[in-house]
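[1] Fold the following for me, if possible:
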Amino acid sequence: MFERKKTILFITKSPARNASQSDAGGKIKIARVTMGGMPVENIIANVDWTPDTMPDILLRFKKDIKNPVRILLSEDFVYTVNVTMPSGSYLRDEVKKRAQELIPEDLDQTIWDFKEMGSPTTVQVIAVAKTLLETLRRAVAKVELQIEAIEPLSFALARFAQAQDPVVYVYRDDGEVTVTLAQKGVVIATERLGNIDLNTLNQFLAFAQRFSAPPKNVIFCGNTSGIDLTSLANENFKAQVLNISPIISLAYKEDIKGKDEQVLNLLFPSSSSQVERSEVRPESPNAIRDAGQASMTKNVKKHNFSKTTILAISLILAIVILVALIIFKVYL
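    Numbering: from 1, shown residues only. All right, here's what the predicted structure looks like:
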């Protein structure tokens, strides 16, 4: 039985930098996820990168990178804004116009997408910063990557929060902390912090409560070594450590295609895997049925063509034999 595997590139930024800095660099983690009942995350590489070295790094590990790949980005590279729209109106140009008022970079020079947030008047817009986009363009050209999906870290964490009650995820990696409030698979608020303690956590919760009910669970994940839960004890929430991985979460992302307002997926413009958005998801029974019917129709036509050819050849041979017999009898 063949195992399904996904290659994930997890790109993070060095501390004390922001999305617009041209000399950005950080860590790139290349992982392969073996999917199944018990998914396994195998880290192939975890190295420093700069805009100049990223293409060469990916080229060095090209044999370990299986297309198509998915890219996980730390929040530093992503602009995330919530936009209020007229009820029921999700025209892409109108969403872009309203989001451009909140995002400091020209959206025409980024890759961006949006998704409704469960409200008929609110959509969430994310855009990848131009500086990283240019670096990715060079890497894609040099390594011939086929990018299937790009997603921020907070969205991968939110996939674990499918229940009605809001949850706070505190993800630690390489000395940086990403705090995300999520509910029913949707990112409500997210922030990148240098460290985490009870005071900074309470400040985030106070800010986040402007958008949702007070969360009762705070989950620490990622590099959880050294976390002292007793120092974070609070009567307002329960703090716990769980072994959950945003890399594995992205590997299981299914909403790659669908109605524009219902699917948030950043498609890389130079990727050969980019396709037009469709009304039917590739995993749906309708898509599988339609593909099967198309395949059956093609095979039937091919089969009918083969039978016709055989019959024609047989008829010609019969005529040749009949003519030969008539000639033979005449000469006798």
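[2] And the strand or helix carrying V33, what's buried?
    Here V33, judged by DSSP states H and E, is contained in strand 26-34. Neighbour-count burial for strand 26-34, counted by 16 or more other C-beta atoms under 10 Å, picks out G26, K27, I28, K29, I30, A31, R32, V33. Bear in mind the C-beta positions are built from the backbone N, C-alpha and C, glycine included.
[3] same thing with stretch 179-192?
    V179, T180, L181, A182, Q183, V186, V187, I188, A189, T190, E191, R192.
[4] And stretch 102-120, by the same measure?
    I103, E105, L107, T110, I111, W112, D113, F114, K115, E116, M117.
[5] so the first one touches Y79, yeah?
    Translated: I103. Yes - using C-beta atoms under 8 Å, I103 makes contact with Y79 at a distance of 4.8 Å.
[6] Now do the shared contacts for those two.
    The contact sets of I103 and Y79 overlap at T110, V125, A127 (C-beta atoms under 8 Å, 6 or more residues apart in numbering).
[7] With just CA atoms, put the helix or strand where the second one lies into PDB.
    Assigned by DSSP H and E, V125 belongs to strand 122-128. Taking Å, rounded to 0.1, in the frame of the first residue of the first chain, the C-alpha atoms of strand 122-128 are listed here in PDB:
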ATOM      1  CA  THR A 122     -17.000  40.300   7.100                       C
ATOM      2  CA  VAL A 123     -14.200  38.700   5.200                       C
ATOM      3  CA  GLN A 124     -10.600  38.000   6.200                       C
ATOM      4  CA  VAL A 125      -7.800  39.000   3.800                       C
ATOM      5  CA  ILE A 126      -4.200  37.800   3.900                       C
ATOM      6  CA  ALA A 127      -1.400  38.900   1.700                       C
ATOM      7  CA  VAL A 128       2.300  37.800   1.400                       C
END
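[8] per-residue confidence averaged over it?
    Averaged across strand 122-128, the pLDDT comes to 89.
[9] surely N243 meets I219?
    No - judged on C-beta under 8 Å, N243 makes no contact with I219 at a distance of 10.4 Å.
[10] who has more neighbours, the two?
    In this view N243 and I219 are compared by other C-beta atoms under 10 Å, and I219 has more residues nearby, 21 against 7.
[11] Go ahead and confirm that one touches Y171.
    No - look at I219 against Y171 with C-beta under 8 Å: they stay out of range, at 9.2 Å.
[12] Run through the helices of the stretch 151-300 of the chain in chain order.
    In the stretch 151-300 of the chain, the helices defined using DSSP state H, counting those that start in this stretch lie at 153-158, 198-208, 246-251, 285-331.
[13] Going by mean pLDDT, which of those comes out lowest?
    Here the helices of the stretch 151-300 of the chain differ in mean pLDDT, and the lowest is helix 285-331 at a mean of 51.
[14] for stretch 124-138, which positions count as buried?
    Residues of stretch 124-138 classed as buried: Q124, V125, I126, A127, V128, A129, K130, T131, L132, L133, T135, L136 (neighbour count, 16+ other C-beta under 10 Å).
[15] helix/strand/coil for R70?
    Here R70 takes the strand state, with states given by DSSP: H, G, I helix; E, B strand; the rest coil.
[16] you'd agree it is up against A149?
    Yes - applying C-beta under 8 Å as the test, R70 and A149 come out as touching, 4.6 Å apart.
[17] which residues are common contacts for these two?
    L250, K253.
[18] Domain ranges for this protein, per the record?
    Using automatic domain parsing, the domain ranges for the chain come out as 1-159+245-283, 161-243, 298-332.
[19] Show me the helices in the stretch 1-150 of the chain, by range?
    54-60, 92-100, 130-143.
[20] Identify whichever of those helices lies nearest to S212.
    Relative to S212, the nearest member of the helices of the stretch 1-150 of the chain by C-beta to C-beta is helix 92-100, separated by 21.8 Å.
[21] Please save the CA atoms from the closest one in CSV.
    Output of helix 92-100 as CSV, limited to C-alpha atoms (Å, rounded to 0.1, in the frame of the first residue of the first chain):
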residue,chain,number,x,y,z
ARG,A,92,-12.9,40.1,-5.6
ASP,A,93,-12.2,43.6,-7.0
GLU,A,94,-14.3,45.2,-4.3
VAL,A,95,-12.6,43.1,-1.5
LYS,A,96,-9.3,44.1,-2.9
LYS,A,97,-10.2,47.8,-2.9
ARG,A,98,-11.3,47.8,0.7
ALA,A,99,-8.3,45.6,1.8
GLN,A,100,-5.8,47.9,0.1
